[in-house]
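>>> prediction below, plus the sequence it came from.
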Amino acid sequence: MAMESRRGEGWMVFAAIVLMVAGVMRLFDAIWAWRYHGAVPEDLQKALFGSTLSTYGWLWLAVAIILFLSGVGVLSRSQLARWIGVGAGAIAAISAIWWIPYYPVWSLVYIGMGVLVIYALAAYGARETSLNG
């Protein structure tokens, strides 16, 4: 019996993998923030979430959990997981903005990947409609 290919299945798998990898990367950001003991960059002294990297570590951990779990949920193809994934893709893209002063190219690539995740989930994540009924 041949497996029936669903429209956009590749995009959905892409979105799920990107979300999970982004979650792992944000986990590494959190670990770095907690373990870093060097001088805090001047740009961070008056940053949005305070001047300590520990606060950013907790922020990145929360983002990591949301991203990874939404990627797992997208693989289950539930509509709730789809919309959480859209939100998580937006969080991924927005959270990369804070790194632009330090890693401009990587941040822009990360933002682009978030936009592609949103596209994949918005264009191909809808319930399949039956032509028979």
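Cool, the structure landed.
>>> which of the residues in the helix or strand in which residue 112 is found are buried?
When secondary structure is defined by DSSP states H and E, residue 112 falls within helix 104-124. Taking 16 or more other Cβ atoms under 10 Å as the neighbour-count basis, helix 104-124 is seen to contain the buried residues 107, 110, 111, 113, 114, 116, 117, 118, 120, 121, 124. C-beta here means a position set from N, CA and C on the backbone, and glycine is covered the same way.
>>> could you list every helix and strand in contact with the top helix by length along the chain?
Of all the segments of type helix in the chain, defined by DSSP state H, the longest one is helix 9-35. Helices and strands touching helix 9-35, by 3 or more Cβ pairs under 8 Å, 6 or more residues apart in numbering; DSSP states H and E, are helix 53-75, helix 79-95, helix 104-124.
>>> and the helix holding residue 112, average pLDDT?
The average pLDDT for helix 104-124 rounds to 93.
>>> next: stretch 19-37.
Along stretch 19-37, the predicted confidence averages to a pLDDT of 90.
>>> now that stretch: buried residues?
Counting neighbours by 16+ other Cβ under 10 Å, the buried set in stretch 19-37 is 19, 20, 22, 23, 25, 26, 27, 29, 30, 33.
>>> just the buried residues of helix 104-124 now: which is nearest residue 92?
Lowest distance from residue 92 to the buried residues of helix 104-124 (Cβ to Cβ) belongs to residue 114, with 4.1 Å.
>>> was I right about the closest one contacting residue 86?
No - using Cβ atoms under 8 Å, residue 114 is not in contact with residue 86; the gap is 10.1 Å.
>>> thinking again about what came up before, tabulate the buried residues of helix 104-124 (JSON lines), appending distance to residue 8.
Conversion of the buried residues of helix 104-124 to JSON lines gives the following (distance: Cβ to Cβ, whole Å):
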{"residue": "107", "distance to residue 8": "28"}
{"residue": "110", "distance to residue 8": "23"}
{"residue": "111", "distance to residue 8": "22"}
{"residue": "113", "distance to residue 8": "17"}
{"residue": "114", "distance to residue 8": "18"}
{"residue": "116", "distance to residue 8": "13"}
{"residue": "117", "distance to residue 8": "13"}
{"residue": "118", "distance to residue 8": "14"}
{"residue": "120", "distance to residue 8": "7"}
{"residue": "121", "distance to residue 8": "10"}
{"residue": "124", "distance to residue 8": "3"}
